[in-house]
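Trainee: build me a structure from this.
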Amino acid sequence: MTEEIEMASRFADFIPLAQGRDFELLSSADGTTLVLRSRSDYFVAHLRGADAVKFNADYITVTSQFPEWEADRTLGQLWDKGGYSWLAAQEGE
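Mentor: Presented below is the predicted three-dimensional model:
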């Protein structure tokens, strides 16, 4: 629980775009940085520039194809099958 509070304060300036029990997607106010978090694994991917643009396109594709999916399923799909877990580091690093 302490880690969750610490992470919440670290991303206080970010806007939640999608949230589930295991994953969340946040955006900077200007939209130039996305943060994809695996809450269960305590890993976070900071997506900027081309990575953020690609993720946005992938996210729109998945949500368009599977509009009934909840946030955890959509973000988990992108995390695992989309390869965004490779861009992640342990939270706090």
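Trainee: what's next to the host helix or strand of L26, contact-wise?
Mentor: L26 is part of strand 23-27, with elements assigned from DSSP states H and E. Residues outside strand 23-27 that contact it (CB atoms under 8 Å, 6 or more residues apart in numbering): 11, 14-19, 33-39, 59, 71-72, 75-76, 79. (C-beta placed from N, C-alpha, C; glycine too.)
Trainee: if you average pLDDT over it, what comes out?
Mentor: For strand 23-27, mean pLDDT rounds to 97.
Trainee: who does that strand pair up with?
Mentor: Note on strand 23-27: by DSSP bridges, its sheet partners are strand 15-19 (antiparallel), strand 33-38 (antiparallel).
Trainee: format those strands as CSV; extra columns: mean neighbour count, mean pLDDT and distance to L47.
Mentor: Shown next, in CSV, are those (neighbours: other CB atoms under 10 Å; pLDDT from 0 to 100; distance: least, CB to CB, whole Å):
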stretch, mean neighbour count, mean pLDDT, distance to L47
strand 15-19, 15, 96, 12
strand 33-38, 22, 96, 4
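Trainee: could you dump these into CSV with distance to G92 added?
Mentor: Shown next, in CSV, are the strands paired with strand 23-27 (distance: least, CB to CB, whole Å):
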stretch, distance to G92
strand 15-19, 20
strand 33-38, 12
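Trainee: find the centremost residue of this structure, please.
Mentor: L36 (1.8 Å; CA atoms, centre = their mean).
Trainee: the residue nearest to L17 when sequence neighbours are not counted pairs with what?
Mentor: Nearest residue to L17 in three dimensions, chain neighbours excluded: L25, at 4.5 Å (CB to CB, 6 or more residues apart in numbering). Beta-bridge pairing of L25 under DSSP bridges involves A18, L36.
Trainee: and L25, how far from W79?
Mentor: 10 Å (CB to CB, to the nearest Å).
Trainee: got any residues that touch both of these two?
Mentor: L36.
Trainee: report all helices and strands that the longest helix along the chain contacts.
Mentor: Longest helix of the chain, by residue count under DSSP state H: helix 49-65. With contacts defined as 3 or more CB pairs under 8 Å, 6 or more residues apart in numbering; DSSP states H and E, helix 49-65 has these neighbours: strand 33-38, helix 71-80.
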